[in-house]
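K.L.:
I need the structure of the sequence given here:
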Amino acid sequence: MTLAAARRALEQFLVAFCVLQTALLALLVCAAVVLRKAGAPLTWYDEVASIQLAWLTYYGAALAALNRAHLGVPSIVAALPRAMRLALLVGGEILVIGFFALIAWFGLQVILILEGDTLISLPWVPVSVTQSVIPIGAVLFIIAELMTFPERLGEAWRGEQGVDPERYFEGRRP
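P.N.:
Just a heads-up that it's a prediction; the model follows:
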């Protein structure tokens, strides 16, 4: 499997996951409102909705990293001399990957500490499952960064600005 094919597969998975989480979260919120007005509130709604939002945030951040949609100043970086562009790219990558490696490590520690605990409103759901989003999301972010690194390295070498957020969806098939 080529890097481009792996990247497309990861993007399709992340998009599907984020769309599904968004739809399920919207349905849950609507159902909770209707049932609360009907006098039969969902006792587990708040806990589950906040967990869904956390999962959507982590997986969405990985998707944004894969599509290079996080904040940056590509026009300023592109105007710098080649050596400085490359140093900024490599240094930034080391910092970002190091940060998310720490998040993954401490996320695993959280899972170990919470082993045996369950959700308050849904005692059959282990907290370790809900908190697994921390290391999984961090690893997905690292994978996304590494998948886009060769492309960004080539752009830094050539002095190109990279992805223009205003034109990102042009030429992309639905």
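
K.L.:
Can you list the helices and strands that the lowest-mean-pLDDT helix or strand in the chain packs against?
P.N.:
When the helices and strands of the chain are scored by mean pLDDT, DSSP states H and E, helix 74-79 comes last with a mean of 80. Applying 3 or more C-beta pairs under 8 Å, 6 or more residues apart in numbering; DSSP states H and E, one finds that helix 74-79 contacts helix 82-113. In short, each C-beta sits where N, CA and C put it, glycine included.

K.L.:
what ranges do the helices span in this structure?
P.N.:
With DSSP state H, the ranges of helices along the chain come out as 3-37, 45-66, 74-79, 82-113, 127-131, 133-158.

K.L.:
Torsion angles phi and psi at the residue sitting furthest away from the middle of the chain?
P.N.:
For the chain, the residue at maximal distance from the C-alpha centroid (C-alpha atoms, centre = their mean) is Gly39, at 36.7 Å. Phi and psi for Gly39, reported as degrees, to the nearest 10, are phi 90, psi 10.

K.L.:
what about it, distance to Cys30?
P.N.:
Going from Gly39 to Cys30 by C-beta to C-beta, to the nearest Å gives 17 Å.

K.L.:
circling back to that earlier point, make CSV from the helices of the chain and add mean neighbour count and distance to Ser121 to it.
P.N.:
Listed next are the helices of the chain as CSV, based on neighbours: other C-beta atoms under 10 Å; distance: least, C-beta to C-beta, whole Å:
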stretch, mean neighbour count, distance to Ser121
helix 3-37, 13, 12
helix 45-66, 18, 5
helix 74-79, 14, 45
helix 82-113, 14, 20
helix 127-131, 18, 12
helix 133-158, 18, 18
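
K.L.:
Having no further points to raise, I will conclude here.
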